[in-house]
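In: Fold the following, please.
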Amino acid sequence: MNTPHEDTGWKLNGYHVFGLFAAGFAVIITVNLFLAYSAVRTFPGLEVKNSYIASQDFDVNRARQQALGWQVEGSIEDGILRVEIRDVNGAPLEVAQLDAIVARRTHVRDDFTPNFVFDGTDYVANVDMASGSWQLRLLLRAPDGTEFQQRHNLCVDDPECKAND
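Out: A predicted model of the protein is given here:
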C-alpha cells in the first residue's frame, strides 16, 4: 500500500527552467546595452563629418604644412602647458593663430580649450589637469593662411602613461 509522502522540496518543471534561462539572457542583454550606451555617450568617435571629402585635400594640405618647415612640440610640466614652435632655422615663431584643445583619448567630458599666451619664446597656458593620458590637438595658422595641424600625447602624473604613443 502506498502512503502519501509530504512534498517539502521545490520541483523544477519546464516553466521554471525557461524562466531561469530567460532571466539569465535578460541580464546579459541588459549589461551589453548599458555598456554600448556608455561607450557611445562618452566617445562619439567622430573625427570629421565626411571622411571622403576630408581625404580629397589631404595630400595638398600635408605638402603645404611640410613646406612651412615648422617643428612643433607640446609638453606639460608643473601645471604649465607649453607649445614650442620653431621655424626652419630653429628660431622661436609666433603664429597668426593658435587654436588648441586638450582632450582625453576616451571621452569628451574633460575636454577644454587652454588660454595660450606667447611669452616671446613659447606659447604657455596655466592648466589644471587630472593625472593620466591626455592629447593636445593643435591647429596653427601661418601669416599667409596656411594651416598646420598636429597632435601631441601628454602624460600627467602617471608613470604608466607614455607620451610618445
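In: okay, CA-based contacts and neighbour counts for the rest of this
Out: Noted.
In: For the chain, give me the ranges with low pLDDT.
Out: Applying pLDDT under 70 to the predicted model, the residue ranges of the chain that meet it are 1-10, 43-47, 162-165.
In: which residues in it form strands?
Out: Using DSSP state E, the strands found in the chain span residues 71-77, 80-86, 97-103, 117-118, 123-126, 132-141, 147-156.
In: export the ones you listed to a markdown table and tack on mean neighbour count and distance to residue 65?
Out: Putting those into a markdown table (neighbours: other Cα atoms under 10 Å; distance: least, Cα to Cα, whole Å) gives the following:
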| stretch | mean neighbour count | distance to residue 65 |
| --- | --- | --- |
| strand 71-77 | 17 | 11 |
| strand 80-86 | 19 | 13 |
| strand 97-103 | 18 | 15 |
| strand 117-118 | 14 | 21 |
| strand 123-126 | 18 | 19 |
| strand 132-141 | 19 | 10 |
| strand 147-156 | 18 | 5 |
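In: In TSV, list those strands along with distance to residue 56.
Out: Listed next are the strands of the chain as TSV, based on distance: least, Cα to Cα, whole Å:
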stretch	distance to residue 56
strand 71-77	25
strand 80-86	28
strand 97-103	23
strand 117-118	34
strand 123-126	32
strand 132-141	19
strand 147-156	16
